[in-house]
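> Below are the sequence and a predicted model; questions follow.
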Amino acid sequence: MKVLTVCHKCLDDAIAKGRPAGPTMSLISPTDSGMLKFDCENSHTSYSVMQQLRFEVLFEIGAHAIFDNYYREAISSFASSLERFIEFYITLMCRKHKIDTKVFSESWKEVSNQSERQLGAYFFIFLLQEGRQAPYLPKKMIELRNKVIHKGRIASYEDAILFGNSVLQTVNPILATLKEQHGDLIQEIVFDHLFSAKQEYPNVPTSTSSMTTILSIMKESVPIYDLRDWKPPLYYTELSS
């Protein structure tokens, strides 16, 4: 997957000279931190931080993998997206209960390398919050993930679609409730993400970029529940061709 980037120096130059020509655009790969450093065709170096959190980006990578016919990679990315969404949910709930961020970070270190412990924390935090069992993948989808990731099963298009849709059906209802009830806390998490990413290049001007994603914390977004309905953005197919 590639991220659309815009050179703001080219944009500023165009505005200053009264030219109607748009800024220089290019596609680059997302990064783990969210910080994007890129050079445009006019030799300007720009820095931009992606607003999207890791679970949003990972799911998007999975969808693009299906588009590019990499079905095993799609399932792996969807599974990672779900794990990072669980981390996001736990983080948000701890903020709701005013847990100090430093205390949370120290506690998270104890489970950061063990997905089963994170899943257990999610199950019981959700139970305490909602009084019901936490939504999660059906048993068949868990088995499919394990066969593909751990046993070398060669995934098909249908495998990838079914697994991705299962993640969507798990996450979207929870995400909709979080956006409705805890928009202020979501903004805090996004702000902390942006601040952390900017520390990679703390002394240079940095812009913030955003992209439309299938799983989205943006309040006005409309959830997608079937990946068969999804198509990559036009800029992706046009600029990468």
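That came through, no problem.

> Tell me which residues touch the closest residue to K37 other than its chain neighbours, please.
Distance criterion Cβ to Cβ, 6 or more residues apart in numbering; nearest residue to K37, sequence neighbours excluded, is Y47 at 5.5 Å. All C-beta spots, glycine's among them, are computed from the backbone N, C-alpha and C. Residues in contact with Y47 (Cβ atoms under 8 Å, 6 or more residues apart in numbering) are 35-37, 201, 204-207.

> Inside strands: which ones of the residues you listed?
35-37, 207 (DSSP state E).

> could these go into CSV alongside distance to R54, neighbour count and pLDDT?
As requested, the ones in strands among the contacts of Y47 are arranged in CSV below (distance: Cβ to Cβ, whole Å; neighbours: other Cβ atoms under 10 Å; pLDDT from 0 to 100):
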residue, distance to R54, neighbour count, pLDDT
M35, 13, 19, 93
L36, 14, 20, 93
K37, 18, 15, 91
S207, 20, 14, 87
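
> Pretty sure F163 sits in a helix.
Yes. Under DSSP: H, G, I helix; E, B strand; the rest coil, F163 falls within a helix.

> Quick check: it touching I75?
Yes. With contacts counted by Cβ atoms under 8 Å, F163 reaches I75, the gap being 5.0 Å.

> what do those two both touch?
144-145.

> buried set for stretch 94-104?
Buried residues in stretch 94-104, counted by 16 or more other Cβ atoms under 10 Å: 94-95.

> ok, which stretches of the protein are helices?
Applying DSSP state H to the chain gives helices spanning 8-16, 54-67, 71-96, 101-109, 115-130, 139-150, 157-181, 183-198, 234-239.

> Show me the residue sitting in the middle of the chain in space.
E56 (1.8 Å; Cα atoms, centre = their mean).

> Report the helix or strand with the lowest average pLDDT across the protein.
Lowest mean confidence among the helices and strands of the chain (mean pLDDT, DSSP states H and E): helix 234-239, at a mean of 57.

> related to what we said a few turns ago, now, of the helices of the chain, which is deepest in the fold?
helix 54-67 (a mean of 23; mean count of other Cβ atoms under 10 Å).

> And V148, how close does it get to M141?
11 Å (Cβ to Cβ, to the nearest Å).

> How about L27?
Look at L27 and M141: by Cβ to Cβ, they are 32 Å apart.

> for P135, same thing?
12 Å.

> E41: neighbour count?
10 (other Cβ atoms under 10 Å).

> Now do the contacts for S210.
Contacts of S210 (Cβ under 8 Å, 6+ apart): 50-52.

> What of V111?
By Cβ under 8 Å, 6+ apart, the neighbours of V111 are 117-118, 121.

> for those, which one is nearest E130?
For those, the minimum distance to E130 (Cβ to Cβ) is 14.7 Å, reached by A121.

> Please name the residues that touch the closest one.
Counted by Cβ under 8 Å, 6+ apart, A121 has contacts 90, 111.

> Test for you: state the pLDDT assigned to it.
Listed pLDDT for A121 reads 97.

> could we number from 641 for the rest of this?
With the count now opening at 641, the last piece we talked about shows up as A761.

> how close does it sit to T853?
According to Cβ to Cβ, A761 stands 25 Å off from T853.

> go on, E713?
In this view, E713 and T853 are 17 Å apart by Cβ to Cβ.

> With T645 instead?
Taking Cβ to Cβ, one finds T645 at 16 Å from T853.

> hang on, the earlier thing: I'd like to know which of the helices of the chain lies nearest to E681.
With Cβ to Cβ as the measure, helix 648-656 is the member of those nearest E681 (8.7 Å).

> Keeping just the C-alphas, turn the closest one into CSV.
Extracted in CSV, the C-alpha atoms of helix 648-656 (Å, rounded to 0.1, in the frame of the first residue of the first chain):
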residue,chain,number,x,y,z
HIS,A,648,3.6,21.8,0.8
LYS,A,649,6.6,23.7,-0.5
CYS,A,650,5.4,23.3,-4.0
LEU,A,651,1.9,24.4,-2.9
ASP,A,652,3.3,27.5,-1.1
ASP,A,653,5.3,28.4,-4.2
ALA,A,654,2.3,28.0,-6.4
ILE,A,655,0.2,30.3,-4.2
ALA,A,656,3.0,32.9,-3.8
